[in-house]
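Q: below are the sequence and a predicted model for it; my questions follow.
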Amino acid sequence: MAQRFAISSLAEAEAYLRHPLLGPRLRESTRLVNLVEERCIEAIFGYPDYLKFRSSISLFARVTSDNEVFVEALRKYFGGEADPQTLQLLWAVFALRLRARSGLRNFSVGTVGRQFPLALAARDR
């Protein structure tokens with residue numbers, strides 16, 4: 001079921017945040033989760049939904065500069081650590097975009113190295 005409703009591109013994630021109903025609802029629901037005290041994220045959502053929450057906020061924290069609510073959720077519930085699989089997918093998208101722009105044929109995610117995560121971290125501040 002999660003695959004059926006998954007966001008399939010960065011453009012779709014950006015459009016979701018810009019949507020006049022969906023974007024504000026996502027931010028508000030994340031804000032409300034951030035207000036929960038004395039409960040771990042597993043107790044709030046249960047398995048596997050807390051993993052989906054982490055993946056979602058990891059994505060949305062990186063597709064917008066207006067990301068405070070998502071960054072706060074990562075800090076509060078996940079020690080500030082974004083979902084590694086989501087980051088891996090974002091790195092792959094970044095590498096493909098860079099490859100397309102540069103015209104390099106033998107370009108891979110490994111070519112990007114560790115610079116992309118650092119750029120994301122700087123954007124979170």
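A: Now that the structure is in, tell me what you want to look at. As the structure is a prediction and not an experimental result, all values here were calculated from the model. Residues are numbered from 1 along each chain as shown.
Q: contacts and neighbour counts: CA atoms only from here.
A: Noted.
Q: tell me which element A82 is part of?
A: According to DSSP states H and E, A82 maps onto no helix or strand at all.
Q: pLDDT score for it?
A: The model reports A82 with a pLDDT of 95.
Q: what's the answer for the one 10 residues further on, then?
A: Confidence per residue is given as pLDDT, and for A92 that number is 81.
Q: tell me how many other residues surround P48.
A: Residues lying near P48 (other C-alpha atoms under 10 Å) number 9.
Q: and it, what does it touch?
A: If you count contacts by C-alpha atoms under 8 Å, 6 or more residues apart in numbering, P48 has none.
Q: show me what the host helix or strand of L32 is packed against.
A: Assigned by DSSP H and E, L32 falls within helix 22-35. When contacts are defined as 3 or more C-alpha pairs under 8 Å, 6 or more residues apart in numbering; DSSP states H and E, helix 22-35 sits against helix 10-18, helix 68-78.
Q: run the angle between the first one and helix 22-35 for me.
A: Between helix 10-18 and helix 22-35, the angle comes out at 80 degrees (axes from the mean of the first three to the mean of the last three C-alpha atoms, to 10 degrees).
Q: quick one: buried residues of helix 10-18?
A: L10, A13, E14, Y16, L17 (16 or more other C-alpha atoms under 10 Å).
Q: who are the packing partners of that helix?
A: By 3+ C-alpha pairs under 8 Å, 6+ apart, helix 10-18 packs against helix 22-35, helix 49-63.
Q: the helix holding L32 versus helix 49-63: what angle between them?
A: 120 degrees.
Q: pull helix 22-35 out as CSV, backbone CA atoms only.
A: What follows is helix 22-35 as a C-alpha-only set of coordinates in CSV (Å, rounded to 0.1, in the frame of the first residue of the first chain):
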residue,chain,number,x,y,z
LEU,A,22,-2.0,19.3,1.3
GLY,A,23,1.0,21.4,2.1
PRO,A,24,-0.5,23.2,5.1
ARG,A,25,-2.1,19.9,6.4
LEU,A,26,1.3,18.1,6.2
ARG,A,27,3.0,20.9,8.1
GLU,A,28,0.3,21.1,10.7
SER,A,29,0.2,17.4,11.3
THR,A,30,3.9,17.3,11.7
ARG,A,31,3.8,20.3,14.0
LEU,A,32,1.2,18.4,16.1
VAL,A,33,3.4,15.3,16.3
ASN,A,34,6.2,17.6,17.4
LEU,A,35,4.1,18.8,20.3
